[in-house]
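# The amino acid sequence is not available; the structure is as follows:
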(Lines give C-alpha, C1' and ligand atoms only; values in the text may rest on other atoms or scores of the structure.)
Protein backbone atom coordinates (compact mmCIF):
# COMPACT_ATOMS: atom_id res chain seq x y z
CA UNK A 1 0.00 0.00 0.00
CA UNK A 2 1.21 3.46 -0.97
CA UNK A 3 -0.04 6.22 1.33
CA UNK A 4 -0.70 9.76 0.12
CA UNK A 5 -0.67 12.78 2.44
CA UNK A 6 -1.53 16.09 0.81
CA UNK A 7 -1.48 17.03 -2.86
CA UNK A 8 0.97 15.72 -5.45
CA UNK A 9 1.13 17.65 -8.73
CA UNK A 10 2.61 16.46 -12.02
CA UNK A 11 5.60 18.59 -13.02
CA UNK A 12 5.81 17.62 -16.70
CA UNK A 13 3.97 15.78 -19.46
CA UNK A 14 3.91 12.01 -19.99
CA UNK A 15 4.47 11.25 -16.31
CA UNK A 16 1.61 8.79 -15.99
CA UNK A 17 1.89 5.96 -13.49
CA UNK A 18 2.11 2.50 -15.09
CA UNK A 19 0.35 -0.13 -12.99
CA UNK A 20 2.06 -3.45 -13.75
CA UNK A 21 1.49 -5.15 -10.41
CA UNK A 22 -1.32 -5.17 -7.85
CA UNK A 23 -1.18 -1.94 -5.90
CA UNK A 24 -3.26 0.09 -3.45
CA UNK A 25 -2.90 3.86 -3.18
CA UNK A 26 -4.59 5.37 -0.16
CA UNK A 27 -5.14 8.77 1.35
CA UNK A 28 -6.82 9.77 4.60
CA UNK A 29 -9.06 12.58 3.32
CA UNK A 30 -10.17 12.95 -0.30
CA UNK A 31 -10.64 16.69 0.22
CA UNK A 32 -6.92 17.23 0.79
CA UNK A 33 -5.14 14.14 -0.53
CA UNK A 34 -4.94 14.60 -4.29
CA UNK A 35 -3.14 13.45 -7.40
CA UNK A 36 -3.23 16.46 -9.70
CA UNK A 37 -2.08 16.01 -13.30
CA UNK A 38 -2.38 19.77 -13.91
CA UNK A 39 -3.60 19.12 -17.51
CA UNK A 40 -0.16 17.74 -18.40
CA UNK A 41 -0.85 13.99 -18.57
CA UNK A 42 -3.30 11.27 -17.67
CA UNK A 43 -2.67 9.69 -14.30
CA UNK A 44 -2.77 5.86 -14.51
CA UNK A 45 -2.37 3.13 -17.11
CA UNK A 46 -3.54 -0.19 -15.67
CA UNK A 47 -2.05 -3.03 -17.69
CA UNK A 48 -3.68 -6.41 -18.35
CA UNK A 49 -3.73 -8.80 -15.41
CA UNK A 50 -3.02 -6.17 -12.77
CA UNK A 51 -5.20 -4.37 -10.23
CA UNK A 52 -5.26 -0.80 -8.93
CA UNK A 53 -7.19 0.08 -5.77
CA UNK A 54 -7.69 3.75 -4.88
CA UNK A 55 -9.03 4.90 -1.49
CA UNK A 56 -9.86 8.30 0.02
CA UNK A 57 -8.31 10.30 -2.82
CA UNK A 58 -9.11 12.90 -5.45
CA UNK A 59 -7.81 12.58 -9.01
CA UNK A 60 -7.98 15.80 -10.98
CA UNK A 61 -6.64 17.71 -13.95
CA UNK A 62 -5.96 14.60 -16.03
CA UNK A 63 -5.60 15.04 -19.79
CA UNK A 64 -5.11 12.41 -22.47
CA UNK A 65 -4.60 13.61 -26.03
CA UNK A 66 -3.69 10.20 -27.48
CA UNK A 67 -5.79 9.44 -30.56
CA UNK A 68 -5.90 5.68 -29.81
CA UNK A 69 -6.09 5.68 -26.05
CA UNK A 70 -8.56 7.41 -23.78
CA UNK A 71 -9.25 8.18 -20.17
CA UNK A 72 -8.30 11.59 -18.82
CA UNK A 73 -7.52 10.06 -15.44
CA UNK A 74 -7.32 6.28 -15.98
CA UNK A 75 -6.66 4.08 -19.02
CA UNK A 76 -7.35 0.41 -18.27
CA UNK A 77 -6.47 -2.34 -20.76
CA UNK A 78 -7.58 -5.69 -19.36
CA UNK A 79 -6.84 -4.85 -15.75
CA UNK A 80 -8.95 -4.22 -12.67
CA UNK A 81 -9.81 -0.92 -11.01
CA UNK A 82 -11.54 -0.48 -7.65
CA UNK A 83 -12.19 2.95 -6.16
CA UNK A 84 -13.48 3.57 -2.63
CA UNK A 85 -14.39 7.06 -1.38
CA UNK A 86 -12.81 8.75 -4.39
CA UNK A 87 -13.50 11.87 -6.48
CA UNK A 88 -12.41 12.17 -10.12
CA UNK A 89 -12.87 15.66 -11.50
CA UNK A 90 -11.89 18.11 -14.25
CA UNK A 91 -10.33 15.53 -16.55
CA UNK A 92 -10.60 15.17 -20.32
CA UNK A 93 -9.71 12.85 -23.19
CA UNK A 94 -10.89 12.16 -26.71
CA UNK A 95 -13.00 9.28 -25.31
CA UNK A 96 -13.70 8.60 -21.65
CA UNK A 97 -13.19 11.95 -19.97
CA UNK A 98 -12.26 10.25 -16.68
CA UNK A 99 -11.97 6.49 -17.35
CA UNK A 100 -11.43 4.41 -20.49
CA UNK A 101 -11.78 0.64 -20.03
CA UNK A 102 -11.37 -2.04 -22.70
CA UNK A 103 -10.23 -5.65 -23.29
CA UNK A 104 -12.28 -7.28 -20.51
CA UNK A 105 -11.36 -4.80 -17.83
CA UNK A 106 -13.27 -4.88 -14.54
CA UNK A 107 -14.22 -1.50 -13.11
CA UNK A 108 -15.82 -1.18 -9.67
CA UNK A 109 -16.62 2.26 -8.28
CA UNK A 110 -17.69 2.49 -4.61
CA UNK A 111 -18.71 5.71 -2.88
CA UNK A 112 -17.19 7.55 -5.80
CA UNK A 113 -18.10 10.68 -7.74
CA UNK A 114 -16.98 11.55 -11.26
CA UNK A 115 -17.76 15.15 -12.15
CA UNK A 116 -16.92 17.96 -14.56
CA UNK A 117 -15.10 15.69 -17.01
CA UNK A 118 -15.37 15.73 -20.80
CA UNK A 119 -14.82 13.56 -23.85
CA UNK A 120 -13.43 16.21 -26.16
CA UNK A 121 -12.78 14.29 -29.41
CA UNK A 122 -14.47 15.57 -32.55
CA UNK A 123 -13.35 12.93 -35.07
CA UNK A 124 -15.17 9.81 -36.18
CA UNK A 125 -15.77 7.54 -33.19
CA UNK A 126 -14.62 10.19 -30.73
CA UNK A 127 -16.32 12.34 -28.12
CA UNK A 128 -17.86 9.35 -26.33
CA UNK A 129 -18.29 8.89 -22.61
CA UNK A 130 -17.95 12.19 -20.75
CA UNK A 131 -17.11 10.32 -17.55
CA UNK A 132 -16.61 6.69 -18.62
CA UNK A 133 -16.02 4.86 -21.90
CA UNK A 134 -16.50 1.12 -21.33
CA UNK A 135 -15.73 -1.29 -24.19
CA UNK A 136 -16.00 -5.08 -23.85
CA UNK A 137 -15.63 -4.72 -20.07
CA UNK A 138 -17.62 -4.88 -16.84
CA UNK A 139 -18.68 -1.77 -14.94
CA UNK A 140 -20.21 -1.90 -11.45
CA UNK A 141 -21.30 1.14 -9.45
CA UNK A 142 -21.99 1.12 -5.72
CA UNK A 143 -23.32 4.26 -4.01
CA UNK A 144 -21.67 6.24 -6.79
CA UNK A 145 -22.60 9.45 -8.62
CA UNK A 146 -21.76 10.25 -12.23
CA UNK A 147 -22.21 14.02 -12.39
CA UNK A 148 -23.75 15.56 -9.30
CA UNK A 149 -26.48 17.65 -7.73
CA UNK A 150 -25.46 20.86 -9.54
CA UNK A 151 -25.36 21.45 -13.29
CA UNK A 152 -21.67 22.38 -13.01
CA UNK A 153 -20.95 18.85 -11.77
CA UNK A 154 -22.16 17.29 -15.01
CA UNK A 155 -19.90 15.50 -17.46
CA UNK A 156 -20.10 16.20 -21.20
CA UNK A 157 -19.60 14.37 -24.49
CA UNK A 158 -20.94 14.10 -28.02
CA UNK A 159 -22.46 10.69 -27.17
CA UNK A 160 -22.97 9.35 -23.68
CA UNK A 161 -22.57 12.44 -21.51
CA UNK A 162 -22.11 10.28 -18.42
CA UNK A 163 -21.33 6.76 -19.66
CA UNK A 164 -20.77 5.29 -23.13
CA UNK A 165 -21.18 1.53 -23.18
CA UNK A 166 -20.02 -0.59 -26.14
CA UNK A 167 -19.39 -4.31 -26.64
CA UNK A 168 -21.73 -7.27 -26.65
CA UNK A 169 -20.04 -8.85 -23.62
CA UNK A 170 -20.35 -5.64 -21.59
CA UNK A 171 -22.33 -5.66 -18.37
CA UNK A 172 -23.09 -2.63 -16.23
CA UNK A 173 -24.94 -2.47 -12.93
CA UNK A 174 -26.28 0.82 -11.54
CA UNK A 175 -28.07 -0.27 -8.34
CA UNK A 176 -30.15 1.64 -5.83
CA UNK A 177 -28.12 4.43 -4.24
CA UNK A 178 -26.39 5.36 -7.49
CA UNK A 179 -27.19 8.49 -9.49
CA UNK A 180 -26.46 9.64 -13.06
CA UNK A 181 -27.25 13.36 -12.94
CA UNK A 182 -26.75 16.61 -14.88
CA UNK A 183 -24.68 15.12 -17.67
CA UNK A 184 -25.20 16.22 -21.25
CA UNK A 185 -24.42 15.59 -24.88
CA UNK A 186 -23.96 18.38 -27.37
CA UNK A 187 -22.16 19.11 -30.62
CA UNK A 188 -23.32 16.05 -32.57
CA UNK A 189 -26.52 15.29 -34.44
CA UNK A 190 -28.20 12.46 -36.29
CA UNK A 191 -30.39 9.42 -35.70
CA UNK A 192 -27.84 7.74 -33.44
CA UNK A 193 -26.70 10.82 -31.50
CA UNK A 194 -27.61 11.37 -27.88
CA UNK A 195 -27.59 9.63 -24.52
CA UNK A 196 -27.25 12.54 -22.11
CA UNK A 197 -26.89 10.23 -19.12
CA UNK A 198 -26.01 6.86 -20.65
CA UNK A 199 -25.47 5.59 -24.21
CA UNK A 200 -25.82 1.80 -24.56
CA UNK A 201 -24.49 0.98 -28.01
CA UNK A 202 -24.33 -2.73 -27.16
CA UNK A 203 -24.18 -4.87 -24.05
CA UNK A 204 -26.47 -5.02 -21.02
CA UNK A 205 -27.15 -2.30 -18.46
CA UNK A 206 -29.36 -2.83 -15.39
CA UNK A 207 -30.71 0.19 -13.52
CA UNK A 208 -31.91 0.14 -9.93
CA UNK A 209 -30.83 3.70 -9.15
CA UNK A 210 -31.64 7.12 -10.60
CA UNK A 211 -30.99 8.82 -13.94
CA UNK A 212 -32.11 12.44 -13.66
CA UNK A 213 -31.68 15.94 -15.08
CA UNK A 214 -29.53 14.85 -18.02
CA UNK A 215 -29.90 16.33 -21.48
CA UNK A 216 -29.30 15.95 -25.18
CA UNK A 217 -29.03 19.54 -26.31
CA UNK A 218 -28.94 20.72 -29.91
CA UNK A 219 -30.28 23.81 -31.60
CA UNK A 220 -32.93 24.35 -34.27
CA UNK A 221 -33.98 21.23 -36.19
CA UNK A 222 -31.01 19.02 -35.30
CA UNK A 223 -31.85 15.53 -34.02
CA UNK A 224 -30.58 14.37 -30.64
CA UNK A 225 -32.12 11.42 -28.87
CA UNK A 226 -32.30 10.04 -25.36
CA UNK A 227 -31.88 12.81 -22.84
CA UNK A 228 -31.53 10.19 -20.13
CA UNK A 229 -30.70 6.94 -21.95
CA UNK A 230 -30.03 5.95 -25.57
CA UNK A 231 -30.46 2.23 -26.33
CA UNK A 232 -28.56 1.37 -29.51
CA UNK A 233 -28.72 -1.42 -32.05
CA UNK A 234 -27.45 -4.23 -29.81
CA UNK A 235 -28.12 -2.67 -26.44
CA UNK A 236 -30.22 -4.16 -23.64
CA UNK A 237 -31.56 -1.87 -20.93
CA UNK A 238 -33.34 -3.31 -17.89
CA UNK A 239 -35.11 -1.07 -15.37
CA UNK A 240 -35.77 -2.69 -12.00
CA UNK A 241 -38.43 -1.93 -9.41
CA UNK A 242 -37.46 1.21 -7.48
CA UNK A 243 -35.46 2.73 -10.33
CA UNK A 244 -36.26 6.27 -11.50
CA UNK A 245 -35.69 8.21 -14.73
CA UNK A 246 -36.79 11.80 -14.23
CA UNK A 247 -36.30 15.38 -15.35
CA UNK A 248 -34.32 14.54 -18.48
CA UNK A 249 -34.77 16.24 -21.84
CA UNK A 250 -33.97 15.84 -25.52
CA UNK A 251 -34.12 19.44 -26.64
CA UNK A 252 -34.00 20.94 -30.12
CA UNK A 253 -36.48 20.95 -32.96
CA UNK A 254 -36.30 17.19 -33.51
CA UNK A 255 -35.41 15.91 -30.05
CA UNK A 256 -36.72 12.40 -29.36
CA UNK A 257 -36.98 10.37 -26.16
CA UNK A 258 -36.53 12.76 -23.26
CA UNK A 259 -36.20 9.90 -20.79
CA UNK A 260 -35.30 6.92 -23.00
CA UNK A 261 -34.78 6.50 -26.75
CA UNK A 262 -34.91 2.92 -28.07
CA UNK A 263 -33.37 2.67 -31.51
CA UNK A 264 -33.31 -1.02 -32.41
CA UNK A 265 -32.30 -2.49 -29.08
CA UNK A 266 -34.36 -3.72 -26.16
CA UNK A 267 -35.79 -1.89 -23.14
CA UNK A 268 -37.52 -3.85 -20.39
CA UNK A 269 -39.28 -2.12 -17.49
CA UNK A 270 -39.68 -4.71 -14.74
CA UNK A 271 -40.76 -1.86 -12.49
CA UNK A 272 -39.70 1.66 -11.63
CA UNK A 273 -40.96 5.04 -12.74
CA UNK A 274 -40.28 7.37 -15.66
CA UNK A 275 -41.53 10.88 -14.89
CA UNK A 276 -41.24 14.58 -15.76
CA UNK A 277 -39.16 14.13 -18.93
CA UNK A 278 -39.54 16.21 -22.08
CA UNK A 279 -38.78 16.05 -25.81
CA UNK A 280 -40.27 17.14 -29.09
CA UNK A 281 -41.41 13.52 -29.55
CA UNK A 282 -41.68 10.94 -26.79
CA UNK A 283 -41.04 12.93 -23.64
CA UNK A 284 -40.89 9.75 -21.56
CA UNK A 285 -39.93 7.06 -24.07
CA UNK A 286 -39.48 7.00 -27.86
CA UNK A 287 -39.71 3.60 -29.56
CA UNK A 288 -38.30 3.55 -33.07
CA UNK A 289 -40.03 1.50 -35.75
CA UNK A 290 -37.35 -1.16 -36.22
CA UNK A 291 -39.33 -3.73 -34.29
CA UNK A 292 -39.85 -7.45 -34.80
CA UNK A 293 -41.06 -10.45 -32.84
CA UNK A 294 -37.39 -10.98 -31.95
CA UNK A 295 -37.93 -7.93 -29.74
CA UNK A 296 -35.63 -5.63 -31.67
CA UNK A 297 -36.64 -2.04 -31.07
CA UNK A 298 -38.94 -3.21 -28.28
CA UNK A 299 -40.33 -1.69 -25.13
CA UNK A 300 -41.49 -4.30 -22.65
CA UNK A 301 -43.41 -3.58 -19.45
CA UNK A 302 -44.58 -5.58 -16.46
CA UNK A 303 -45.41 -5.22 -12.78
CA UNK A 304 -45.19 -1.74 -11.30
CA UNK A 305 -43.57 -0.21 -14.41
CA UNK A 306 -45.05 3.27 -14.88
CA UNK A 307 -44.47 6.12 -17.29
CA UNK A 308 -46.26 8.68 -15.14
CA UNK A 309 -48.78 10.91 -16.90
CA UNK A 310 -48.06 14.62 -17.11
CA UNK A 311 -50.44 16.90 -15.25
CA UNK A 312 -52.26 20.20 -15.57
CA UNK A 313 -52.00 21.90 -18.93
CA UNK A 314 -49.54 19.24 -20.11
CA UNK A 315 -51.88 16.32 -19.47
CA UNK A 316 -52.51 15.60 -23.17
CA UNK A 317 -49.55 17.31 -24.80
CA UNK A 318 -47.21 15.31 -27.04
CA UNK A 319 -43.64 15.31 -25.73
CA UNK A 320 -44.64 15.62 -22.07
CA UNK A 321 -43.53 12.32 -20.54
CA UNK A 322 -45.53 10.29 -23.06
CA UNK A 323 -44.54 7.13 -24.96
CA UNK A 324 -44.11 7.71 -28.70
CA UNK A 325 -44.73 4.69 -30.90
CA UNK A 326 -43.14 5.40 -34.25
CA UNK A 327 -44.27 3.92 -37.55
CA UNK A 328 -42.38 3.87 -40.84
CA UNK A 329 -43.58 1.99 -43.91
CA UNK A 330 -44.51 -1.53 -42.83
CA UNK A 331 -42.95 -1.13 -39.38
CA UNK A 332 -45.11 -0.10 -36.43
CA UNK A 333 -43.70 0.11 -32.93
CA UNK A 334 -45.76 -1.30 -30.07
CA UNK A 335 -45.50 -2.13 -26.38
CA UNK A 336 -45.06 -5.75 -25.33
CA UNK A 337 -46.57 -6.55 -21.92
CA UNK A 338 -44.65 -9.43 -20.33
CA UNK A 339 -46.54 -9.65 -17.03
CA UNK A 340 -49.54 -8.23 -15.19
CA UNK A 341 -49.40 -4.45 -14.94
CA UNK A 342 -50.10 -2.98 -11.51
CA UNK A 343 -49.42 0.72 -12.16
CA UNK A 344 -52.50 2.86 -12.91
CA UNK A 345 -52.26 4.27 -15.46
CA UNK A 346 -49.21 2.63 -17.00
CA UNK A 347 -48.51 5.22 -19.72
CA UNK A 348 -49.95 7.66 -22.24
CA UNK A 349 -49.31 6.68 -25.85
CA UNK A 350 -48.68 9.05 -28.75
CA UNK A 351 -48.58 8.09 -32.44
CA UNK A 352 -46.95 9.83 -35.38
CA UNK A 353 -49.19 12.69 -36.45
CA UNK A 354 -49.30 13.76 -40.11
CA UNK A 355 -51.93 16.34 -40.94
CA UNK A 356 -52.69 14.96 -44.40
CA UNK A 357 -53.31 11.53 -42.87
CA UNK A 358 -50.95 9.66 -45.22
CA UNK A 359 -48.42 7.78 -43.09
CA UNK A 360 -50.06 8.84 -39.84
CA UNK A 361 -49.78 6.46 -36.90
CA UNK A 362 -53.37 7.13 -35.86
CA UNK A 363 -55.67 4.68 -37.63
CA UNK A 364 -58.33 2.17 -36.54
CA UNK A 365 -57.29 -1.38 -35.61
CA UNK A 366 -53.61 -0.55 -35.21
CA UNK A 367 -52.00 -2.92 -32.69
CA UNK A 368 -50.22 -0.79 -30.10
CA UNK A 369 -50.08 -3.09 -27.06
CA UNK A 370 -49.45 -6.83 -27.18
CA UNK A 371 -48.97 -9.80 -24.92
CA UNK A 372 -45.71 -11.71 -25.13
CA UNK A 373 -45.34 -14.45 -27.73
CA UNK A 374 -41.83 -15.90 -28.06
CA UNK A 375 -42.41 -17.27 -31.56
CA UNK A 376 -43.38 -20.73 -30.35
CA UNK A 377 -45.83 -20.21 -27.52
CA UNK A 378 -47.66 -17.55 -25.54
CA UNK A 379 -45.61 -16.49 -22.53
CA UNK A 380 -48.05 -13.85 -21.27
CA UNK A 381 -51.59 -13.31 -22.49
CA UNK A 382 -52.61 -9.67 -22.44
CA UNK A 383 -55.67 -8.96 -20.30
CA UNK A 384 -58.34 -6.33 -20.73
CA UNK A 385 -57.25 -4.90 -17.36
CA UNK A 386 -53.75 -4.38 -18.78
CA UNK A 387 -55.12 -2.57 -21.83
CA UNK A 388 -57.27 -0.30 -19.65
CA UNK A 389 -54.13 1.08 -18.00
CA UNK A 390 -53.01 2.86 -21.19
CA UNK A 391 -54.24 6.29 -22.25
CA UNK A 392 -53.92 7.71 -25.78
CA UNK A 393 -52.88 11.25 -26.67
CA UNK A 394 -55.71 12.85 -28.68
CA UNK A 395 -55.02 13.26 -32.39
CA UNK A 396 -54.99 16.94 -33.41
CA UNK A 397 -57.14 18.46 -36.13
CA UNK A 398 -56.59 17.11 -39.66
CA UNK A 399 -57.17 18.94 -42.91
CA UNK A 400 -60.07 16.62 -43.67
CA UNK A 401 -61.77 17.47 -40.39
CA UNK A 402 -60.80 21.00 -39.31
CA UNK A 403 -61.66 21.88 -35.75
CA UNK A 404 -62.13 18.22 -34.72
CA UNK A 405 -59.96 16.51 -32.11
CA UNK A 406 -59.96 12.73 -32.32
CA UNK A 407 -60.06 11.10 -28.90
CA UNK A 408 -58.76 7.61 -29.49
CA UNK A 409 -58.76 4.76 -26.99
CA UNK A 410 -57.56 1.15 -26.82
CA UNK A 411 -59.76 -1.89 -27.16
CA UNK A 412 -58.75 -5.36 -26.04
CA UNK A 413 -58.86 -8.25 -28.49
CA UNK A 414 -57.95 -11.94 -28.19
CA UNK A 415 -56.75 -12.02 -31.79
CA UNK A 416 -53.14 -12.27 -32.89
CA UNK A 417 -51.30 -15.49 -32.08
CA UNK A 418 -53.14 -15.95 -28.81
CA UNK A 419 -51.10 -13.40 -26.86
CA UNK A 420 -53.87 -10.77 -27.00
CA UNK A 421 -53.62 -7.23 -28.32
CA UNK A 422 -54.79 -3.70 -27.61
CA UNK A 423 -56.01 -1.89 -30.74
CA UNK A 424 -56.63 1.76 -31.50
CA UNK A 425 -60.31 2.55 -31.86
CA UNK A 426 -62.65 5.53 -31.85
CA UNK A 427 -64.61 6.18 -28.63
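Perfect, I can see it now. Values in this document were obtained by computation on a predicted structure and should not be read as measured data.
# next one: phi and psi at residue 387?
phi -60, psi -40 (degrees, to the nearest 10).
# wait, doesn't it sit right on residue 410?
Yes: counting by Cβ atoms under 8 Å, residue 387 touches residue 410, with 5.1 Å between them. (Each C-beta comes from the backbone N, C-alpha and C, glycine too.)
# so what sits against both of those two?
369, 422 (Cβ atoms under 8 Å, 6 or more residues apart in numbering).
# What's the separation between residue 36 and residue 122?
26 Å (Cβ to Cβ, to the nearest Å).
# Compare those two and say which is more crowded by neighbours.
residue 36 (17 against 11; other Cβ atoms under 10 Å).
# distance of that one from residue 43?
For residue 36 relative to residue 43 (Cβ to Cβ), the value is 9 Å.
# Residue 123 too?
24 Å.
# Out of those two, name the residue with the larger neighbour count.
Using other Cβ under 10 Å, the more surrounded residue of residue 123 and residue 43 is residue 43, with 26 against 8.
# ok, now which ones touch the more buried one?
Counting by Cβ under 8 Å, 6+ apart, residue 43 touches 16, 17, 35, 37, 59, 62, 73, 74.
# Which of those sits closest to residue 276?
residue 73 (32.7 Å; Cβ to Cβ).
# mind checking pLDDT for the closest one?
Looking at residue 73, its pLDDT reads 98.
# do the same with residue 187
77.
# what's the answer for residue 201, then?
The model's pLDDT for residue 201 equals 95.
# Check for me that it belongs to a strand.
Yes: per DSSP: H, G, I helix; E, B strand; the rest coil, residue 201 lies within a strand segment.
# Pull the number of nearby residues for it.
24.
# wait, what's in contact with it?
164, 165, 166, 232, 233, 234, 235.
# I figured the fourth one was touching residue 203, is that so?
Meaning residue 232. No: with contact defined as Cβ under 8 Å, residue 232 does not reach residue 203; the gap is 9.4 Å.
# secondary structure class for residue 386?
Under three-state DSSP, residue 386 comes out as helix.
# So what's the residue count around it?
25.
# Is it correct that it is in contact with residue 380?
No: counting by Cβ under 8 Å, residue 386 stays clear of residue 380, with 9.1 Å between them.
# tell me, what's touching these two both at once?
In contact with both residue 386 and residue 380: residue 337, using Cβ under 8 Å, 6+ apart.
# Write down the beta-bridge partners of the nearest residue to residue 39 once chain neighbours are set aside, one by one.
Setting aside the residues directly before and after it, residue 39 is nearest to residue 63 in space (Cβ to Cβ, 6 or more residues apart in numbering), at 4.7 Å. On the basis of DSSP bridges, residue 63 is bridged to residue 92.
# I figured residue 63 hits residue 92, correct?
Yes: using Cβ under 8 Å, residue 63 makes contact with residue 92 at a distance of 5.7 Å.
# between the two, who's got more neighbours?
Using other Cβ under 10 Å, the more surrounded residue of residue 63 and residue 92 is residue 92, with 26 against 21.
# For residue 155, see how far away the more buried one is.
Distance of residue 92 to residue 155, given as Cβ to Cβ: 10 Å.
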